[in-house]
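1. whatever this is, show me its structure:
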Amino acid sequence: MAFRTVLVLSALTLVSAPRVSLAQQIQIQQVDVAGPEAPPFGMPGGRAPRTGTGQIRGRVLSETGTPVRRAQVRISGPDVGGRTATTDADGRYEFLDLPDGRFTLSATKAGYITIQYGQTRPLEPGKPIELAAKQALDKADFVLPRGSAITGRIVDETGEPVAESLVTALRQEWSGGRRRLVNAGRVGQTNDLGQFRIYGLPPGEYYVSASVRNMDGIMTDLLAPAAAGAAAPPARTATPTSGYAASYYPGTTSPAEAQKITVAAGQETQGIDFPLTQVRLARISGIVLNSEGKPVEGTAVSLAPGRGFEGGLALPGAGARTNREGAFTVTGVAPGDYNLQVRGLTIITSGGGDTMMFSARINTEGGDAEFASQPISVSGEDVNNLVVTTSKGATASGKVTFEGQRPPGDIRVTTVADDSGGSLLAVSAGAAVAADGSFTLKGLTPSARLLRLRGLPAGYTLKAVEHNGLDVTDSGVDVKGAEALAGIELVVTSRTTEISGGVSGADGAPVKDFILVVFAEDADKWTLPATRWVTGARPDQDGRVRIKGMPAGSYYAIAVDYMPQGEWNNPETLERLKAKAQHFVLSDGEQKALDLKIAGGV
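-> Below you'll find the model as predicted:
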């Protein structure tokens, strides 16, 4: 069975105005699919969704108590994949034929804040729903607050409006042991007056970034030449020598110098006007050769932000495709540090007239798949005559062993990248696990060396990854060039750990609304990539909390009344919580019940 990662972009209009911006038309997905006809979404491991006699019903209301019509309510869980319901004129929705299990719900509608079930405060994680067999939950209700908005105007160095620039609301979030600016999920685009409006924001603190590098230019440079059947990128009659770098309010190219904007609940913050910074633009040109020294035709060359990049829109930078001789030219590159990335890209087109439908497939597992990632620094001068040599990457082989019986379904070994750098083409490798437990991964890179499993059903978890007698679950395999790594073992267990417990207040009464934060005693584990040793969880609809699958070890646990999503990844926060937290030890397969008091003053 062949698997590919698919980049699906639909309804790409390739003609001039009048038209809708590509940023509003393109849907991007990176998923594993089985064969050319497989759907892009489905159950993990190819398992069929379970059904049952459970039911969940509720209403979606506004803050004034009026029904919210045609809101989208989404349910997800390991046994149902994802399903969506639309509210009726009374704001009602329902999900029928549900199996017993654990589910999450969210509700959204334009102009409102997207809310998870049980969420009562901004950026707070929602509550899971635990549904027993044949259970009917009839009051899974949502109250959707009106979203806040940020409006302003983007201008050039002379005060003239800049049209069709992308404007992004960013917020700070802890990841990998450091604070980063991440997309808050809303993007605006300036009109002909340079005006923008970003709506549907929760109250909080934001940074605003603007860039003239929009989706139209990115996709035209990266994909249109091949989609049109051209052997080489079209010649440009003129190449601009100056342009605009991504800028932050109140008018700086440095995220560190950006100014925070406080947005109140349901209010519109106006007057966020700032100029784009004019810079000298450069051209980057060169040739792409494969590992045998032959030119590579039709491959995608893109620029992703370098590792020092702290914020901005999660889109690739400038890009191009190679011609028959393997040559490429990337134009309009602002000064900065980048990763020049090369990925094999096959484009399949259909349609005609003004609109073209196409999908771009990135082969990450075939024996011929090659790639390259090369750091490059641009200071305003052209960079010419680059020679980029692709590699097939490392190969890793081994087996998956099971403590107990192997579960049904297709199980896959996948890699986890340390940092994708915001590139659409930064994908991870994956391989199916054969009937005898063996697997072979191709195309491993030093930045994607953590090994994990997909397709494990509920009740199973990855216990350890071992190589040469060492536990590499958290450090990853040591990838060097195109070497072959053998003897890797991934151990799966059905004896999963579970942390549960009750929480009481100062008066001894049970507390039903809290966040349980669990973190390793060893502070070095707090900042591991994709750490397994830190988590936060809210109780279900009955006030019960369960955390499954954490590795055996020594931990702290603390219950707090509120914490924004992901703040438990902040090592400074964990260090502060440690003094009031309860210490405990979790053994293999242990069901640990905790008795906690709600912590105050944290």
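2. contacts and neighbour counts: CA atoms only from here.
-> Will do.
3. which residues in the stretch 1-150 of the chain form helices?
-> Residue ranges of helices cannot be listed for the stretch 1-150 of the chain, since DSSP state H, counting those that start in this stretch assigns none.
4. which residues of it fall in strands?
-> Ranges of strands within the stretch 1-150 of the chain are 3-13, 30-34, 54-62, 72-77, 81-86, 92-98, 101-108, 115-116, 129-131, 136-137, 142-144, 148-155, based on DSSP state E, counting those that start in this stretch.
5. out of those, which gets nearest to Leu516?
-> strand 129-131 (16.2 Å; C-alpha to C-alpha).
6. quick check: buried residues in the closest one?
-> Buried residues in strand 129-131, defined by neighbour count with 16 or more other C-alpha atoms under 10 Å: 129-131.
7. returning to that earlier point: mind putting the strands of the stretch 1-150 of the chain into CSV with mean pLDDT and distance to Gly319?
-> Shown next, in CSV, are these (pLDDT from 0 to 100; distance: least, C-alpha to C-alpha, whole Å):
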stretch, mean pLDDT, distance to Gly319
strand 3-13, 36, 16
strand 30-34, 37, 19
strand 54-62, 97, 43
strand 72-77, 95, 35
strand 81-86, 91, 34
strand 92-98, 96, 44
strand 101-108, 94, 34
strand 115-116, 94, 36
strand 129-131, 94, 44
strand 136-137, 95, 50
strand 142-144, 96, 40
strand 148-155, 96, 24
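8. okay, the ones you listed in TSV with distance to Thr440 next?
-> Written out in TSV, the entries for the strands of the stretch 1-150 of the chain read as follows (distance: least, C-alpha to C-alpha, whole Å):
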stretch	distance to Thr440
strand 3-13	13
strand 30-34	16
strand 54-62	40
strand 72-77	29
strand 81-86	27
strand 92-98	37
strand 101-108	33
strand 115-116	39
strand 129-131	37
strand 136-137	45
strand 142-144	46
strand 148-155	49
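9. just the buried residues of strand 129-131 now: which is nearest Asp561?
-> For those, the minimum distance to Asp561 (C-alpha to C-alpha) is 19.1 Å, reached by Ile129.
10. pretty sure Glu297 sits against Ala320.
-> No - counting by C-alpha atoms under 8 Å, Glu297 stays clear of Ala320, with 11.6 Å between them.
11. specify the residue positioned farthest from the middle of the protein.
-> Each residue of the chain has a distance to the centre, and by C-alpha atoms, centre = their mean the biggest one is for Asp507: 41.7 Å.
12. after the helix or strand where Leu577 lies comes which helix or strand?
-> Assigned by DSSP states H and E, Leu577 belongs to helix 571-578. Reading on from helix 571-578 to the C-terminus, the next helix or strand found by DSSP H and E is strand 582-586.
13. so what strands line up beside that following strand?
-> With DSSP bridges as the criterion, the sheet partners recorded for strand 582-586 are strand 553-560 (antiparallel).
14. now the strand it pairs with against helix 571-578, angle please.
-> Compare the direction of strand 553-560 with that of helix 571-578 by axes from the mean of the first three to the mean of the last three C-alpha atoms, to 10 degrees and you get 80 degrees.
15. flag every buried residue along strand 553-560.
-> Within strand 553-560, the residues that qualify as buried are 555-560, counting by 16+ other C-alpha under 10 Å.
16. also stretch 57-77?
-> Using 16+ other C-alpha under 10 Å as the test for burial, stretch 57-77 gives 58-62, 67-75, 77.
17. doesn't Thr440 belong to a helix?
-> No - the assignment for Thr440 by DSSP: H, G, I helix; E, B strand; the rest coil gives strand, which leaves it out of any helix.
18. count of neighbours near Ala246?
-> A total of 23 residues lie near Ala246 under the criterion other C-alpha atoms under 10 Å.
19. how close does it get to Gly469?
-> 47 Å (C-alpha to C-alpha, to the nearest Å).
20. ok, Ser587 next?
-> Separation of Ser587 from Gly469 (C-alpha to C-alpha) stands at 21 Å.
21. when the two are compared, which one has more neighbours?
-> Ser587 (15 against 10).
22. is that one in contact with Tyr555, as I believe?
-> No - under the criterion of C-alpha under 8 Å, Ser587 is not in contact with Tyr555, lying 10.9 Å apart.
23. returning to what we had before: residues in contact with the helix holding Leu577?
-> Contact partners of helix 571-578, identified using C-alpha atoms under 8 Å, 6 or more residues apart in numbering, comprise 177, 519, 523, 526-527, 556, 558, 567-568, 602.
24. can you pick out the most distant pair from those?
-> Greatest spatial distance among the contacts of helix 571-578 (C-alpha to C-alpha): Thr527 and Val602, at 20.9 Å.
25. so which of the two has more stuff around it?
-> The neighbour comparison of Thr527 against Val602 (other C-alpha under 10 Å) goes to Thr527, with 18 against 11.
26. how about stretch 583-601: buried residues?
-> Under 16+ other C-alpha under 10 Å, the buried positions of stretch 583-601 are 583, 586, 588-589, 591-592, 596-599.
27. and what of stretch 74-89?
-> For stretch 74-89, the buried set under the neighbour-count rule, 16+ other C-alpha under 10 Å, comprises 74-75, 77-82, 85-87.
28. please apply the same query to stretch 282-294.
-> Along stretch 282-294, these residues count as buried under the neighbour rule (16+ other C-alpha under 10 Å): 282-290.
29. just stretch 397-406 next, same as before
-> Of the residues in stretch 397-406, those buried under the neighbour-count criterion (16+ other C-alpha under 10 Å) are 397-402, 406.
30. inside strands: which ones of the residues you listed?
-> When strands are assigned by DSSP state E, the members of those inside them are 397-402.
31. now, which of the residues you listed sits nearest Leu276?
-> Using C-alpha to C-alpha, Ser397 comes nearest to Leu276 of these, at 49.5 Å.
32. distance of that closest one relative to Ala372?
-> When distances are taken as C-alpha to C-alpha, Ser397 and Ala372 turn out to be 22 Å apart.
33. what's the answer for Lys442, then?
-> As for Lys442, its distance to Ala372 is 14 Å (criterion: C-alpha to C-alpha).
34. repeat that for Glu575.
-> Per C-alpha to C-alpha, Glu575 is found 39 Å from Ala372.
35. tell me which of the two has more neighbours.
-> Relative neighbour count places Ala372 above the other of Glu575 and Ala372, with 21 against 10, counting by other C-alpha under 10 Å.
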